[in-house]
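1. give me the fold of what follows.
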Amino acid sequence: MASPVYTLTSSNANPPQNKTILITGGASGIGLATALYLHTPQCKNNVIVLDRAPSPPSIDELTKSPRYLYVQSDILNWASQRDAFARGADKFGRIDAVFVNAGLAEIGEQIWTDVYDSQGKLQEPNRATIDVDIRALGDTLKLAMYHLRNDSKPNEKKGSGKGQGGSIVMTASLAGYLASAGAPLYSAAKHGVVGHMRALKNDCAKAGIAISVIAPGITLTNIILGRRDGQSLEDWGKDMASRGVPINDAETIALTVANLMGQGLKANGSGVLIQANKCQELEGGIAKTRGQWMGKEMLELFRGGRNAPLFPNKL
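-> Down below sits the predicted model:
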């Protein structure tokens, strides 16, 4: 019951056009590839990039364009990220889509390696991966909802007052579905990204927002660890591919993000796995097979209580 595998190219992807799109972590890797694609003359989008780097990448087609805004922002700081969103909305009038992309790989080994402080006591673990990949993501989601929420209907909950609905795409990972041995914090955070999407999709639809995730496998970006000294990213990719490891190009991920945004509300609740530059939607298949992995009795028990008013804060 798995969904079909498909490939995307610039000719069959369905990118949004004439929209304003904000990207976190957009100065390099997947974020930069997505910014470049969405900014092309064919797409004609305004692109707002948030990144902690002090200056944007030196790419004339972006830095010299009136349709591009770069804002240095620390997504771990609420005021910094809030004000960056506001700058983008003020410049272009509103925000139509958000790519929640900024992320951090596993930092060292935090579970099994014991490190001691100056007093000989067990040192507190480094939680930067969790902080960036799930805590800051929650802040980005809050800001995205505020700016995107459809404000056209009277007497309903308001956001920025300029929202007309739109799209949110979040970068999860293959590790957000299958986990990755040796990267427990990263895997836990990326499972949380998928969990955010599943928990929010129904209420997002009511607010005119499509929320989805991408789940790339190994992608050639500078986040990759384990390269030999002097080994280029491309050579590392060729080496891994020769060993049977499926490798993605950042440009394929950009096409996938754009395609989800271009689908509008049809993409709500989607989770797209990307391996070897091939795509597959996962969430539909997972939902259809609940009876197999939950069993009939547990599934019926779940269905019997899911409409109870357990969470009064729902829309």
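2. so Pro56, which of the three states?
-> Three-state call for Pro56 (DSSP: H, G, I helix; E, B strand; the rest coil): coil.
3. where in the protein is pLDDT low?
-> Applying pLDDT under 70 to the chain flags the ranges 1, 222-226, 312-315.
4. biggest strand in it, by residue count?
-> Criterion DSSP state E: the longest strand present in the chain is strand 209-216.
5. paired strands for that one, with orientation please.
-> Strand 209-216 sits in its sheet next to strand 166-171 (parallel), strand 271-275 (parallel), going by DSSP bridges.
6. most tightly packed of those?
-> strand 166-171 (a mean of 28; mean count of other CB atoms under 10 Å). Using the backbone N, CA and C atoms, a C-beta is placed for each residue, glycine as well.
7. where do the helices of the stretch 1-150 of the chain begin and end?
-> Here the stretch 1-150 of the chain has its helices, by DSSP state H, counting those that start in this stretch, at 29-39, 60-63, 78-92, 128-130, 136-148.
8. most packed of these?
-> Mean neighbour counts for these (mean count of other CB under 10 Å) peak at helix 29-39, with a mean of 24.
9. name the surrounding residues that touch that one.
-> Residues from elsewhere that reach helix 29-39 (CB atoms under 8 Å, 6 or more residues apart in numbering): 10, 15-16, 21, 23-26, 43, 45, 47, 49, 51, 57, 59, 61-62, 65, 67-68, 99, 101-102, 171, 216, 219, 221-223, 250-251, 253-255, 257-258.
10. please flag which of those sit within strands.
-> Per DSSP E, the subset of the contacts of helix 29-39 in strands is 21, 23-24, 47, 49, 51, 68, 99, 171, 216.
11. from these, which two are the most distant?
-> Farthest pair in the ones in strands among the contacts of helix 29-39 (CB to CB) is Tyr68 and Pro216. Separation: 24.3 Å.
12. comparing the two, which residue is more hemmed in?
-> Taking neighbours as other CB atoms under 10 Å, Tyr68 and Pro216 compare with Pro216 leading, 24 against 19.
13. OK, contacts around that one?
-> 30, 171, 173-174, 248, 253, 274-275.
14. only the buried residues of stretch 104-115, if you could.
-> Using 16 or more other CB atoms under 10 Å as the test for burial, stretch 104-115 gives 104-107, 110.
15. still on that earlier bit, closest to Gln292 among the contacts of Pro216?
-> For the contacts of Pro216, the nearest to Gln292 is Leu174 (21.5 Å; CB to CB).
16. mind checking how far that closest one is from Gln42?
-> In this view, Leu174 and Gln42 are 30 Å apart by CB to CB, to the nearest Å.
17. out of those two, which sits in the busier spot?
-> Leu174 (20 against 11).
18. ok, for that one, nearest residue in space, not its chain neighbours?
-> Gly217 (4.4 Å; CB to CB, 6 or more residues apart in numbering).
19. cool, Leu265 as well?
-> Per CB to CB, 6+ apart, closest to Leu265 is Ala210, 4.8 Å.
20. wait, doesn't that neighbour sit right on Asn259?
-> No: judged on CB atoms under 8 Å, Ala210 makes no contact with Asn259 at a distance of 12.0 Å.
21. show me what contacts the residue nearest to Leu265?
-> Counting by CB under 8 Å, 6+ apart, Ala210 has contacts 166-168, 204, 260, 263-268.
22. do that again at 7 Å, thanks
-> Contact analysis of Ala210 by CB atoms under 7 Å, 6 or more residues apart in numbering lists 167, 204, 264-265, 267-268.
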